[in-house]
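Asker: A predicted structure for the sequence below; I have some questions about it.
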Amino acid sequence: MKTDLSQNILKTIALGQMLSLCICGTAITSQYLAERYKVNTPMLQSFINYCLLFLIYTVMLAFRSGSDNLLYILKKKWWKYILLGLADVEANYLIVRAYQYTTLTSVQLLDCFGIPVLMALSWFILYARYRVIHFIAVAVCLLGVGTMVGADILAGREDNAGNNVLIGDILVLLGASLYAVSNVCEEYIVKKLSRQEFLGMVGLFGTIISGIQLLIVEYKDIASIHWDWKIALLFVAFALCMFCLYSFMPLVIKVTSATSVNLGILTADLYSLFFGLFLFGYKFSGLYILSFTVIMVGFILYCSTPTRTAEPAESSVPPVTSIGIDNLGLKLEESLQETHSAVL
């Protein structure tokens, strides 16, 4: 039993760090585009990712039959997936936009607001039930994030004071909350329905929403890009990292939970910092290693005890019993009809 638990924890850690590396890839390519080529087009980058999801997963749904078919899903749940696509697109946009107004420290700290929001939503929507150890584990992970922020300040990375900190902080909080909404919906869909349905619908409506938005807010920035093979390669690298993140995250969420995944990917910023030592000349601090260690300890602590799931009140009666009662009623009715016929 302990061996199985240890294997599950190791598997969860490995999957979580794979997602962190995908996020690291998107961060490094975006920063390279911004610092070396003065390209700031987060919505265009997201649009390319949604297009890839559309071409793979939405098209896949179009060729399915029955309740898994694209047209059937759109007929039954189109407005729900519009809201999900809107939450996902705006979460990505608001976090990136916040960097223009507030400090790196604020973004890193306030972005963690999504974790308690996610836990609250999981409690009410997914009926997740947490133990004391889970809250302690989250607190340990957040302590690790605080250590990372302290290392940033000591290493001199906090050089952007922002021009409107309040607006930037509000954008981070809104973006983190929308991420939580998107992740809870993702967990529900991949566990109750299918991974392909989630990715296909996000690809469809994400493409539409981000396409409209980039025409409104980024058309001047896109027109000013002086394209060459290096810039194109960075866009391709970003899109592939983001596509892998979106494709693999439902698989990880299905075997763990959205909260567990979000705790695991807190290390993504640290991977970006490690790469930044070589690419952008960041100064190293031993606190980065300490931060990584503290986050991993909290993550392992969280994964060591599974969360419980409380079924909704209406599901308290086992479905087998109700079926048995229905069948019994049918048999009694058939028996009465036979008796009545015999009498006649």
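Answerer: Arrived safely. Numbers count the residues shown, from 1 in each chain.
Asker: For the helix or strand containing Tyr246, the averaged confidence score.
Answerer: Using DSSP states H and E, Tyr246 sits within helix 229-255. Across helix 229-255, the average pLDDT comes to 92.
Asker: Stretch 69-82 too?
Answerer: If you average the pLDDT values across stretch 69-82, you get 92.
Asker: If we go by neighbour counts, what in that stretch is buried?
Answerer: Leu70, Ile73, Tyr81 (16 or more other Cβ atoms under 10 Å). Where you see a C-beta, it was placed from the backbone N, CA and C, and this is true even at glycine.
Asker: Flag the shaky bits of the stretch 51-200 of the chain, pLDDT-wise.
Answerer: Within the stretch 51-200 of the chain, the ranges that satisfy pLDDT under 70 run 103-105, 155-163.
Asker: Would you map the helices across the stretch 201-344 of the chain?
Answerer: 219-223, 229-255, 258-264, 268-279, 286-303, 319-343 (DSSP state H, counting those that start in this stretch).
Asker: buried residues in the fourth one?
Answerer: Okay, so that is helix 268-279. In helix 268-279, counting by 16+ other Cβ under 10 Å, buried: Ala268, Asp269, Leu270, Tyr271, Ser272, Leu273, Phe274, Phe275, Gly276.
Asker: isn't Gln144 right next to Ile300, touching?
Answerer: Actually, residue 144 is Gly rather than Gln. No - judged on Cβ atoms under 8 Å, Gly144 makes no contact with Ile300 at a distance of 11.9 Å.
Asker: quick one, which of these two is more surrounded?
Answerer: A side-by-side neighbour count of Gly144 and Ile300, using other Cβ atoms under 10 Å, places Gly144 first with 24 against 17.
Asker: the inter-axis angle of the helix or strand that that one is a member of versus helix 268-279?
Answerer: For Gly144, the element it lies in under DSSP H and E is helix 132-154. For helix 132-154 against helix 268-279, the angle by axes from the mean of the first three to the mean of the last three Cα atoms, to 10 degrees is 30 degrees.
Asker: what distance separates helix 132-154 from the middle of the whole chain?
Answerer: Chain-centre distance of helix 132-154: 20 Å, with Cα atoms, centre = their mean, to the nearest Å.
Asker: helices and strands around it, which ones?
Answerer: helix 104-110, helix 114-125, helix 258-264, helix 268-279, helix 286-303 (3 or more Cβ pairs under 8 Å, 6 or more residues apart in numbering; DSSP states H and E).
Asker: now, of those helices, which is deepest in the fold?
Answerer: helix 258-264 (a mean of 26; mean count of other Cβ atoms under 10 Å).
Asker: In CSV, list the C-alpha atoms belonging to that one.
Answerer: The C-alpha trace of helix 258-264 is given here as CSV (Å, rounded to 0.1, in the frame of the first residue of the first chain):
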residue,chain,number,x,y,z
ALA,A,258,-6.7,20.9,-10.3
THR,A,259,-5.5,22.1,-7.0
SER,A,260,-2.6,19.5,-6.9
VAL,A,261,-1.6,20.6,-10.4
ASN,A,262,-1.6,24.3,-9.5
LEU,A,263,0.6,23.6,-6.5
GLY,A,264,3.0,21.6,-8.7
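Asker: elements contacting it?
Answerer: helix 2-37, helix 114-125, helix 132-154, helix 165-192, helix 229-255, helix 286-303.
Asker: pLDDT averaged over that helix - what is it?
Answerer: For helix 258-264, the per-residue pLDDT averages 89.
Asker: Would you pull up how far it lies from the middle of the chain?
Answerer: 9 Å.
Asker: do stretch 166-186 as well
Answerer: The answer for stretch 166-186 is 11 Å, by Cα atoms, centre = their mean.
Asker: What residues of that stretch count as buried?
Answerer: 168-186.
Asker: Also stretch 25-35?
Answerer: Gly25, Thr26, Ala27, Ile28, Thr29, Ser30, Tyr32, Leu33.
Asker: Roughly how far does the last one sit from Thr102?
Answerer: Applying Cβ to Cβ, to the nearest Å, one obtains 21 Å for the distance of Leu33 from Thr102.
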